[in-house]
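Asks: Task: produce atomic coordinates for the following.
(2 chains)
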Amino acid sequence: MISTLTDTERQIALVISGLLSLVGLVLSAAGRHDPLGAQGFIILAFGLSGVFLVISGFHLPEPTEKRFSHYYDEPIKAGIIIAMLWAIVAMFVGDWVAWLLAYPEMTFDAAWASFGRLRPIHTTGIIFGFGGNALIATSFHVMQRTSRTRLADQLSPWFVLGGYNLFCILAVTGYLMGVTQSKEYAEPEWYADIWLTIVWIAYFALYLRTLARRKEPHIYVSNWYYLAFVLVVAMLHIVNNLAMPVSLGSSKSYTVFAGVQDAMVQWWYGHNAVAFFLTSGFLGMLYYYLPKRAGRPIFSYRMSIIGFWGITFFYVWVGSHHLHYTALPQWVQTLGMTFSVMLLVPSWIAAANALLTLNGAWHKVRDDATLRFMMVAALFYGLATFEGSFLAIRPVNSLSHYTDWTVAHVHAGTLGWNSMIIFGAFYYLVPQLWKRERIYSPVLVEVHFWLAIAGIFIYVFAMWNSGVIQGLMWRTYNNSGTLAYSFIDSLNAMHPYYIARATGGLLFLMGAVIGFYNICMTIRSSPAAAKTRNEQPATIGQSRLRPGE
Amino acid sequence: MNGPEHDILVAFAKSWGLFYLIGLSIGVLVYTFWPGNRKNFDRAKKSIMDDESGPWA
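Replies: Below you'll find the model as predicted:
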């Protein structure tokens, strides 16, 4: 890794790691009577690891000018492995909290093992750890390929990847100690938020600098989606996390907004995290990897452009549908509802575009589990966006809100759409990046696929059932006009569904573990390109070319 | 916060917000269906199919 950096980049890396260690030291001293102290030590350890890593490779020969004729794939490889590790950890914690809902006594009387602390580890680990690393890795891949150019430099991709994972680690370790600013999907406290802002600006700058070096004049539509993801997430993150720390030695901060404004800012953030983190960036993935794997260009490039602007400009208005029947002004609720319904059009444009691309290649979908992962992702994207528009309608929301129906909806999206497209993209990328003939075991890809499908269906149907039952029980009145069921009655009715849900989650987790094993074994298997490499030393690191290419 | 400030915000959102979204939609549709762009879009969608041979010099 260090051998691919130039001497100047190694020096800068050393300075950054040193500064980071210093910040960690200061925070651990200033926060010695607070959980902040422990967080400071994590930053210190991270910074020192960076220092040692750079020093260990400092005197290796510099990369030659030849590097400019190759894509820079090392950070992509690292990102894929890190994403899979996060997937397994966070899905494990997710299944743990799912069992906790069925058997709440399983907390060992320990504060760190309570639902309130473990649940954000699941959400942060999946959305930011798994999803975020997959987005960063695939965006590095897509931006280089579609621009026919190498990443703008060798250091900033590592800074982005490493810095981003430091943020994720600070977040989840903080939750275990009870550090949270209590905003859903924005739980990390002020110091982690400031760090993420720095990392994110470096990411945005790297993206723009790489695009500026592009040799292909047209910027392929995937890049638009990725850029919308990077830019809008920056905007959301900064505004929603405007807060004042109690002191520089305390992990606690207070948001600058209050009351209903705070709620509105939070759900403007929260829904656009879904829109731009879990949708826009992932559509970038879909529009690149699905055509590549299917061997067919996207059905309609024009549709992808209309869909892009529709999604970008409709999504930012829909956050208020999270606050139906609250103190939020009625017209703001109606605005969110209306835009949510309109959003179905650009969402289905994307889903239809993906499925129409496959039209005529269904035999490939049948034979190739990797492509099937992507096809299912497009189907669930269509399903989840339809459901989302429907749930945003105020009277529907009166039944579904605060019930497990929301949980079913979210997991149809995250399991069926986000995870499936990531797995599809990874199975496509791994043999290619590591220059292997094929994945270690196509049978295990099939096993992963069917475990994932079974897991999703069990999970989503269990939560649909329990959600609708909850919603109905909470609104059933008896003859004297009082509620027919107590809350605890509805809780007891959920018990079998919670066991089913945890079982479905377990199947999905097993699939991910098998996927990780398959990826590791592919990397360990002997390289297919070895022969080519020995014969033609000049093509080291290049992909294998067929005659005529 | 209530009174004129709120009303002004609502009036602004309901008028200019509407116009800019309509304007934007028209702009996007014109750009997308502009006959001269067709060639570029067709090339763009096909160009990703063969991009593994490394950066262009």
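
Asks: hey, let's count contacts and neighbours off CA atoms from now on
Replies: OK.

Asks: Got the confidence number for residue 32?
Replies: All of this is about chain A. You'll see A:R32 listed with a pLDDT of 94.

Asks: not quite, I wanted chain B
Replies: For B:T32, pLDDT reads 94.

Asks: Tell me how many other residues surround it.
Replies: When neighbours are defined as other C-alpha atoms under 10 Å in any protein chain shown, B:T32 has 19 of them.

Asks: same deal with A:W474?
Replies: 18.

Asks: Wait, it touches A:D489, no?
Replies: No. Applying C-alpha atoms under 8 Å, one finds A:W474 not in contact with A:D489, separated by 9.7 Å.

Asks: what's the closest non-adjacent residue to the closest residue to chain B within the stretch 301-450 of chain A?
Replies: Proximity to chain B, evaluated over the stretch 301-450 of chain A using C-alpha to the nearest C-alpha, is greatest for A:R302 at 5.8 Å. With sequence-adjacent residues excluded and distances taken as C-alpha to C-alpha, 6 or more residues apart in numbering or on different chains, A:R302 is closest to B:T32, at 5.8 Å.

Asks: Which strands or helices does the helix or strand hosting the one you found pack on?
Replies: Using DSSP states H and E, B:T32 maps to helix B:4-33. With contacts taken as 3 or more C-alpha pairs under 8 Å, 6 or more residues apart in numbering or on different chains; DSSP states H and E, helix B:4-33 sits against helix A:301-315.

Asks: which strands and helices sit next to the helix it packs on?
Replies: Against helix A:301-315 (3+ C-alpha pairs under 8 Å, 6+ apart) you get helix A:221-240, helix A:330-342, helix A:344-358, helix B:4-33, helix B:38-47.

Asks: Could you say which one of these comes nearest to A:G174?
Replies: For A:G174, the closest of the helices and strands packed on helix A:301-315 is helix A:221-240, at 18.2 Å, according to C-alpha to C-alpha.

Asks: What's the first helix or strand after that closest one?
Replies: Later in the chain than helix A:221-240, the nearest helix or strand by DSSP H and E is strand A:243-245.

Asks: Show me where the chain dips below the pLDDT cut-off.
Replies: In the absence of a named chain, chain A is used. A:528-549 (pLDDT under 70).

Asks: Chain B was what I was after
Replies: B:1-2.

Asks: Closest to the centroid, which residue in it?
Replies: B:V28 (4.8 Å; C-alpha atoms, centre = their mean).

Asks: Quickly note the distance from the closest residue to that residue other than its chain neighbours to A:M473.
Replies: Leaving aside its chain neighbours, B:V28 sits nearest to A:I306 (6.8 Å; criterion: C-alpha to C-alpha, 6+ apart). Distance, A:I306 to A:M473, by C-alpha to C-alpha, to the nearest Å: 42 Å.

Asks: Same question for A:V179.
Replies: Relative to A:M473, and taking C-alpha to C-alpha, A:V179 is found at 35 Å.

Asks: For chain B, which residue gets nearest to chain A?
Replies: For chain B, C-alpha to the nearest C-alpha, closest residue to chain A: B:P55, 4.4 Å.

Asks: My understanding was that that residue contacts A:F68; is that so?
Replies: Yes. The pair B:P55 and A:F68 qualifies as a contact (C-alpha under 8 Å) at a distance of 7.4 Å.

Asks: joint contacts of those two?
Replies: A:R150 (C-alpha atoms under 8 Å, 6 or more residues apart in numbering or on different chains).

Asks: Neighbour count: the two, which is higher?
Replies: When B:P55 and A:F68 are compared for neighbours, B:P55 comes out ahead with 23 against 16, by other C-alpha under 10 Å.

Asks: Please list the residues of the stretch 151-300 of chain A that sit near chain B.
Replies: A:K215, A:H218, A:I219, A:Y220, A:Y288, A:P291, A:K292, A:G295, A:R296, A:P297, A:I298 (C-alpha under 8 Å from any C-alpha of the partner chain).

Asks: For the nearest residue to A:P527 once chain neighbours are set aside, what are phi and psi?
Replies: Leaving aside its chain neighbours, A:P527 sits nearest to A:R436 (5.0 Å; criterion: C-alpha to C-alpha, 6+ apart). Backbone torsions of A:R436, given as degrees, to the nearest 10, read phi -110, psi 150.

Asks: swap in A:P63?
Replies: According to degrees, to the nearest 10, A:P63 has phi -70, psi 150.

Asks: Could you double-check that it sits in contact with A:T4?
Replies: Yes. With contacts counted by C-alpha under 8 Å, A:P63 reaches A:T4, the gap being 5.6 Å.

Asks: Comparing those two, which residue is more hemmed in?
Replies: A:T4 (19 against 14).

Asks: Would you mind listing the residues in contact with that one?
Replies: Here A:T4 is in contact with A:E62, A:P63, A:Q154 (C-alpha under 8 Å, 6+ apart).

Asks: Now with 6 Å, please.
Replies: When contacts are counted by C-alpha atoms under 6 Å, 6 or more residues apart in numbering or on different chains, A:T4 is found next to A:P63.

Asks: Tell me how far it lies from A:A90.
Replies: 31 Å.

Asks: Over to A:G455?
Replies: 16 Å.

Asks: likewise A:L379?
Replies: 24 Å.

Asks: Mind checking which of the two has more residues around it?
Replies: The neighbour count for A:L379 versus A:A90, taken as other C-alpha under 10 Å, is higher for A:A90 (26 against 17).

Asks: which residues touch the more buried one?
Replies: A:A90 touches A:H122, A:G125, A:I126, counting by C-alpha under 6 Å, 6+ apart.

Asks: Can you tell me how far it is from chain B?
Replies: Distance from A:A90 to chain B, counting by C-alpha to the nearest C-alpha, to the nearest Å: 33 Å.

Asks: Residue 56: how many residues sit nearby?
Replies: You didn't pick a chain, so chain A it is. 11.

Asks: wrong one, chain B
Replies: 15.

Asks: Identify the residues contacting the nearest residue to it once chain neighbours are set aside.
Replies: In space, and not counting its chain neighbours, B:W56 is closest to A:R148: 5.6 Å by C-alpha to C-alpha, 6+ apart. Counting by C-alpha under 6 Å, 6+ apart, A:R148 touches A:K215, B:P55, B:W56.

Asks: repeat that with 7 Å
Replies: By C-alpha atoms under 7 Å, 6 or more residues apart in numbering or on different chains, A:R148 lies in contact with A:R214, A:K215, A:E216, B:D51, B:G54, B:P55, B:W56.

Asks: Got the domain ranges for chain A?
Replies: A:1-60, A:72-528 (automatic domain parsing).

Asks: Reformat the ones you listed as JSON lines; add distance to B:L21.
Replies: Listed next are the domains of chain A as JSON lines, based on distance: least, C-alpha to C-alpha, whole Å:
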{"stretch": "domain A:1-60", "distance to B:L21": "43"}
{"stretch": "domain A:72-528", "distance to B:L21": "8"}
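
Asks: right, so of the ones you listed, which gets closest to B:L24?
Replies: Judging these by C-alpha to C-alpha, what sits closest to B:L24 is domain A:72-528, at 8.7 Å.

Asks: re earlier: filter the residues of the stretch 151-300 of chain A next to chain B down to the buried ones.
Replies: For those, a burial check counting by 16 or more other C-alpha atoms under 10 Å in any protein chain shown picks out A:K215, A:Y220, A:Y288, A:P291, A:K292, A:R296, A:P297, A:I298.

Asks: Which one of the domains of chain A lies nearest to B:S15?
Replies: Across the domains of chain A, closest to B:S15 is domain A:72-528 (C-alpha to C-alpha), at 13.5 Å.

Asks: Could you give the separation of the closest one from the chain centroid?
Replies: 5 Å (C-alpha atoms, centre = their mean, to the nearest Å).

Asks: Mind listing the strands the helix or strand hosting A:Y254 pairs with, and their directions?
Replies: Following DSSP H and E, one finds A:Y254 within strand A:253-255. Here strand A:253-255 is paired, per DSSP bridges, with strand A:243-245 (antiparallel).

Asks: Buried residues of the strand it pairs with, list them for me.
Replies: Residues A:A243, A:P245 are the ones in strand A:243-245 that count as buried (16+ other C-alpha under 10 Å).
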